[in-house]
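Visitor: Got a sequence here, can you build the structure:
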Amino acid sequence: MEAFLPINPDMPSDLYIHLNFETYEEYLVTTCGLTPAQAAKASKGLAHLKSPANPDAVLSFLAGAGFAKEDIAAGVARFPMLLCCKVDKTLTPRFAQILSIGLSPAQISRITSIVPNIFVAPSMIHRIQFYLSSLGTFDLLHVALKRTPYLLGQKLEVVKPNMALLLQCGLTASDVAVFAKLLTPKPELVKEIVACAEKLGVPRNTGMSKSALWAVHCLGHDSIGAKMDLLKATLGCSEAELALAVRRAPQILRISEGKLSRTLKFLKVDVGLKLQYILLRPPILGYSMQRRLVPRHYFINVLKAKGLVKENIDFYNAVCISEKKFFQKFIDPHRETIPGLADAYATACAGKIPHGIKM
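Guide: Residues are numbered from 1 along each chain as shown. Okay, the predicted model is just below:
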């Protein structure tokens, strides 16, 4: 890189290079593909280098090994010291070791974008073998690492009992990958999370068990009682009614007080739903007001006003279906009758007021 070469023949090259090290921020952007913000942060970890020779060698090795440019950039942004690794002593043998467990260069590239320090932590390579065997596929391993990048840093003597317990609770390998954060706490804590979820009335091996486990994990098992009291007060329901709602949709425990109050007010005042109706269909409380509840309520009312749909449409059924099915049922059949209907719905889902569509 020309910026690192001395232009004064009387100045020692190593001194000039050291004085101009700040050009590494530009190097990280132009050569490694980092954003300026990422480069500004990453360059601080490279201040000890006096030359771009080793980073150049690292980039050349990774590119030659088949790593994608975007994966290299992500890896360097996460772990700038990757550029300081010795190609012959570190990268080459570790790359060969990872290849030997059955991963392809493309798969190693994807892992490096998330856990680039795998090249300086041999124990992580052994753990990859465990997760490949336990989860069954590389894709599930990749999901787990994306959601929990520090997963490979946890000792297997901690992870193994947690994984066994989660599988006993009815979670599949796919579920475990998605909720990989539950693998890393101390086993005693995961046992407490499981026990707390069961106290909520959500038994193991049921469809709602993973939702209950995640809710308890996010809130903290010692905070569930206070959250239940808050929900009961906000909803204005009995303890028995709340318990039933939580069993049906444990995810409502993760809804903030503000969002819950706004959603409840909208459903009762604007939509005209009774509290009992809502409590028997608790997932409705978790949908986005902006992206789902308000737009669908508005457009169903438009269709009702024009006599294009029945008056007794069940609101929950209209809300819980996917966007694709909502379009098929409520938008597509009326495109010709109401020009611009689809665009107006998209506008409403973006939080803007649709123009040209009136009741």
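Visitor: Now the residue nearest to the spatial centre of the chain: closest residue in space that isn't a chain neighbour?
Guide: The centroid of the chain falls nearest to Arg147 when counting by C-alpha atoms, centre = their mean (5.4 Å). In this structure, Arg147 finds its nearest non-sequential neighbour in Ala180, 5.4 Å apart by C-beta to C-beta, 6 or more residues apart in numbering. Bear in mind the C-beta positions are built from the backbone N, C-alpha and C, glycine included.
Visitor: what about the one you found, distance to Phe327?
Guide: 34 Å (C-beta to C-beta, to the nearest Å).
Visitor: out of those two, which sits in the busier spot?
Guide: Ala180 (27 against 16; other C-beta atoms under 10 Å).
Visitor: burial of Ile252, as a residue count?
Guide: 21.
Visitor: again but with Pro52, I slipped
Guide: Neighbour number of Pro52 under other C-beta under 10 Å is 20.
Visitor: Was I right to think it contacts Tyr24?
Guide: Yes - the criterion here is C-beta atoms under 8 Å, and Pro52 meets it with Tyr24 at 7.2 Å.
Visitor: Any stretches of the chain with poor pLDDT?
Guide: 1-22, 353, 355-359 (pLDDT under 70).
Visitor: mind giving me the domain ranges of it?
Guide: Domain assignment for the chain by automatic domain parsing gives 1-120, 121-184, 189-286, 287-359.
Visitor: Verify the stated contact: the residue nearest to the centre of the chain with Val176.
Guide: No - with contact defined as C-beta under 8 Å, Arg147 does not count as touching Val176 (10.6 Å).
Visitor: hey, where'd the helices end up in the stretch 201-350 of the chain?
Guide: 209-219, 224-235, 239-248, 257-265, 275-279, 294-305, 315-320, 323-326, 341-349 (DSSP state H, counting those that start in this stretch).
Visitor: want to throw those into a markdown table with mean neighbour count and distance to Lys69?
Guide: Listed next are those as a markdown table, based on neighbours: other C-beta atoms under 10 Å; distance: least, C-beta to C-beta, whole Å:
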| stretch | mean neighbour count | distance to Lys69 |
| --- | --- | --- |
| helix 209-219 | 22 | 35 |
| helix 224-235 | 16 | 45 |
| helix 239-248 | 16 | 47 |
| helix 257-265 | 14 | 40 |
| helix 275-279 | 16 | 50 |
| helix 294-305 | 19 | 39 |
| helix 315-320 | 16 | 41 |
| helix 323-326 | 13 | 33 |
| helix 341-349 | 18 | 34 |
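Visitor: Take these and write them to CSV, including distance to Ser123.
Guide: Output for the helices of the stretch 201-350 of the chain, formatted as CSV (distance: least, C-beta to C-beta, whole Å):
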stretch, distance to Ser123
helix 209-219, 25
helix 224-235, 35
helix 239-248, 40
helix 257-265, 42
helix 275-279, 50
helix 294-305, 50
helix 315-320, 45
helix 323-326, 44
helix 341-349, 47
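Visitor: residue contacts, the residue nearest to the centre of the chain?
Guide: Listed by C-beta atoms under 8 Å, 6 or more residues apart in numbering, the contact set of Arg147 reads Ala177, Val178, Phe179, Ala180, Lys181.
Visitor: Including secondary structure and distance to Gly66, could the residues you listed go into a markdown table?
Guide: Shown next, in a markdown table, are the contacts of Arg147 (DSSP: H, G, I helix; E, B strand; the rest coil; distance: C-beta to C-beta, whole Å):
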| residue | secondary structure | distance to Gly66 |
| --- | --- | --- |
| Ala177 | helix | 25 |
| Val178 | helix | 28 |
| Phe179 | coil | 31 |
| Ala180 | helix | 26 |
| Lys181 | helix | 31 |
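Visitor: before we move on, back to that, for Lys146, see how far away the residue nearest to Arg147 is.
Guide: 9 Å.
Visitor: Check Gly272 too.
Guide: 42 Å.
Visitor: Neighbour count for these two, which is higher?
Guide: Lys146 (15 against 10).
Visitor: right, and the residue nearest to Arg147 touches Thr148 too?
Guide: Yes - between Ala180 and Thr148 there is a contact under C-beta under 8 Å: 4.0 Å.
Visitor: List the contacts of Val246.
Guide: Val246 makes contact with Leu200, Gly201, Val202, Met228, Leu231, Ile252, Leu253, Pro282, according to C-beta under 8 Å, 6+ apart.
Visitor: Can you pick out the most distant pair from the residues you listed?
Guide: The most widely separated members of the contacts of Val246 are Val202 and Leu231, with 15.1 Å between them, by C-beta to C-beta.
Visitor: list the buried ones in stretch 132-144?
Guide: Across stretch 132-144, burial judged by 16 or more other C-beta atoms under 10 Å covers Leu132, Ser134, Leu135, Phe138, Leu140, Leu141, His142, Val143, Ala144.
Visitor: Of those, which pair is most distant in space?
Guide: Among these, Ser134 and His142 lie farthest apart (C-beta to C-beta), at 14.1 Å.
Visitor: quick one: the nearest residue to Asp270 once chain neighbours are set aside and Leu145, what's the gap?
Guide: Closest residue to Asp270 apart from its sequence neighbours, by C-beta to C-beta, 6+ apart: His297 at 6.7 Å. In this view, His297 and Leu145 are 40 Å apart by C-beta to C-beta.
Visitor: Next: Ile300.
Guide: Distance from Ile300 to Leu145, by C-beta to C-beta: 42 Å.
Visitor: quick one on the thing from earlier: put together JSON lines for the contacts of Val246, with distance to Ala243 on each row.
Guide: As requested, the contacts of Val246 are exported to JSON lines (distance: C-beta to C-beta, whole Å):
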{"residue": "Leu200", "distance to Ala243": "8"}
{"residue": "Gly201", "distance to Ala243": "6"}
{"residue": "Val202", "distance to Ala243": "10"}
{"residue": "Met228", "distance to Ala243": "8"}
{"residue": "Leu231", "distance to Ala243": "10"}
{"residue": "Ile252", "distance to Ala243": "12"}
{"residue": "Leu253", "distance to Ala243": "12"}
{"residue": "Pro282", "distance to Ala243": "11"}
